[in-house]
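Student: Return atomic coordinates for the entry below.
(one chain, ligands or ions: 3)
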Amino acid sequence: MSNISRRSFLKKAAASAGGLALAASAPRAVAASPKGAELATVLDIGRCIGCGACVDACRTINNFKFPRPEKPFPAMSPQDRVKVEDWSEKQNVDSRLTPYNWLFLQTVDVSYKGKDYLIHIPRRCMHCQNPPCANLCPFGAARKLENGITVIHPDICFGGAKCKAVCPWKIPQRQTGVGLYLKMMPRFAGNGVLFKCDRCFDRIDKGKLPACIEICPEQIQHIGPREAMLEKARAIAKDYDGFIYGDTENGGTNTFYVSPVPFEVLDRALKEQAQPGPHLASVKNSMAISENLGKALLLAPLAGALAAGASIAGKLKNSRD
Ligand code: SF4
Ligand code: SF4
Ligand code: SF4
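Tutor: Residues are numbered from 1 along each chain as shown. Ligands and ions are numbered 1, 2, ... in the order given. All right, here's what the predicted structure looks like:
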């Protein structure tokens, strides 16, 4: 069975078992996080069945945050300076990251220690502990919240895609024809807004689980304070003599994948089997590079002032609405 037909089959099976009834299936909630503690997630990919319910739930729950571009797009000057990126006519694509698809599944066939595995890997933002996307965004549009979630503010983002350029996994995805650049310098700067998983921060604020975690019929995903999640990841890894990805990558992230197969084997298979990125290679701490550290220090006051200005503007707008 091909990956796609297998996924359709599993999706139907999950749906008929009630697995897609998101609102009705909420016995779990986010474990209380001590003040200041970062939230992290664990994904036990050794048990993921690749049903895709998480992908569908993310698309449904977060649909109201997706871009609604104005067309025709203003021509850039010079014309080819910034490439137009338009996913608005391809919103149904769910086999890679796009501004309309913040989570997708990679699937690889691998052999390890004489055993064959079909591994499904849900991919989305890693929510780095020291995120270069947030540290190096010149406008303060990308920022890390106190609970460890990194978000991109769609009203502040100028679309220059610095966050994508510095992200070790190239996670954020641009949509042209939306955002601040249209009001400021539509022909000369930016060219859209960058979108990515925001860990359903608005649901978390209400004590709810992220949609992808709540829907999972196998409960392979967990969320809670980072230390507790790291312990959980280590316990799962110990159970099947497995491996963890994300605990040290890029200096540490708030996403831990646990797999019975080493991640270098999975990363090689992703390339050999032509799966779209992100990769699963080991990643050095990009914010430890002095050039990035210096830029972050220089940008911090500017980004803070812009973010504060945007927040005040937002409050004024809300008080008028
Ligand atoms: S994975 Fe990329 S987009 Fe996500 S927090 Fe890290 S640097 Fe930012
Ligand atoms: S945490 Fe929320 S935004 Fe992120 S992939 Fe899951 S459902 Fe989508
Ligand atoms: S994480 Fe859960 S919902 Fe998503 S594909 Fe795997 S088993 Fe299905």
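
Student: Would you mind measuring the gap between the ends of stretch 243-259?
Tutor: One end of stretch 243-259 sits 5 Å from the other (CA to CA, to the nearest Å).

Student: Next, see if that stretch gets close to ligand 2.
Tutor: No - using CB under 6 Å from any ligand atom, stretch 243-259 stays clear of ligand 2, coming no nearer than 9.9 Å. (C-beta placed from N, C-alpha, C; glycine too.)

Student: Ok, stretch 137-150 next?
Tutor: No - Stretch 137-150 is not in contact with ligand 2 by CB under 6 Å from any ligand atom; minimum separation 8.8 Å.

Student: starting at the chain centroid, how far to that stretch?
Tutor: 13 Å (CA atoms, centre = their mean, to the nearest Å).

Student: average pLDDT across it?
Tutor: Averaged over stretch 137-150, pLDDT sits at 94.

Student: now could you export just the CA positions of that stretch as PDB?
Tutor: The C-alpha coordinates for stretch 137-150 follow below in PDB (Å, rounded to 0.1, in the frame of the first residue of the first chain):
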ATOM      1  CA  CYS A 137      14.000  39.000  13.600                       C
ATOM      2  CA  PRO A 138      14.700  42.700  12.900                       C
ATOM      3  CA  PHE A 139      11.100  43.700  13.700                       C
ATOM      4  CA  GLY A 140      10.400  41.700  16.800                       C
ATOM      5  CA  ALA A 141       7.600  39.900  15.000                       C
ATOM      6  CA  ALA A 142       9.000  36.500  15.900                       C
ATOM      7  CA  ARG A 143       9.300  36.100  19.600                       C
ATOM      8  CA  LYS A 144       9.500  33.500  22.400                       C
ATOM      9  CA  LEU A 145       6.700  33.600  25.000                       C
ATOM     10  CA  GLU A 146       7.400  33.000  28.700                       C
ATOM     11  CA  ASN A 147       6.100  29.400  28.400                       C
ATOM     12  CA  GLY A 148       8.700  28.500  25.800                       C
ATOM     13  CA  ILE A 149       6.400  28.800  22.700                       C
ATOM     14  CA  THR A 150       7.800  30.800  19.700                       C
END
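
Student: List the buried residues in that stretch.
Tutor: 137-145, 147-150 (16 or more other CB atoms under 10 Å).

Student: And the furthest pair within those residues?
Tutor: Pro138 and Asn147 (24.3 Å; CB to CB).

Student: Mean confidence (pLDDT) on stretch 260-271, please.
Tutor: 98.

Student: Enumerate the residues of this protein near ligand 1.
Tutor: Counting by CB under 6 Å from any ligand atom, the chain comes close to ligand 1 at 125-128, 131-133, 150, 167, 169, 171-172, 196.

Student: one more time with 5 Å
Tutor: Counting by CB under 5 Å from any ligand atom, the chain comes close to ligand 1 at 125-126, 128, 131, 133, 150, 167, 171.

Student: got a list of what Ile236 touches?
Tutor: With contact taken as CB atoms under 8 Å, 6 or more residues apart in numbering, Ile236 is in contact with 42, 44, 46, 242, 258.

Student: coming back round to it: strands - which of the buried residues of stretch 137-150 land there?
Tutor: Under the assignment DSSP state E, the buried residues of stretch 137-150 contribute 142-144, 150 to strands.

Student: Distance to ligand 3 added to those, as JSON lines?
Tutor: Output for these, formatted as JSON lines (distance: CB to the nearest ligand atom, whole Å):
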{"residue": "Ala142", "distance to ligand 3": "26"}
{"residue": "Arg143", "distance to ligand 3": "27"}
{"residue": "Lys144", "distance to ligand 3": "25"}
{"residue": "Thr150", "distance to ligand 3": "21"}
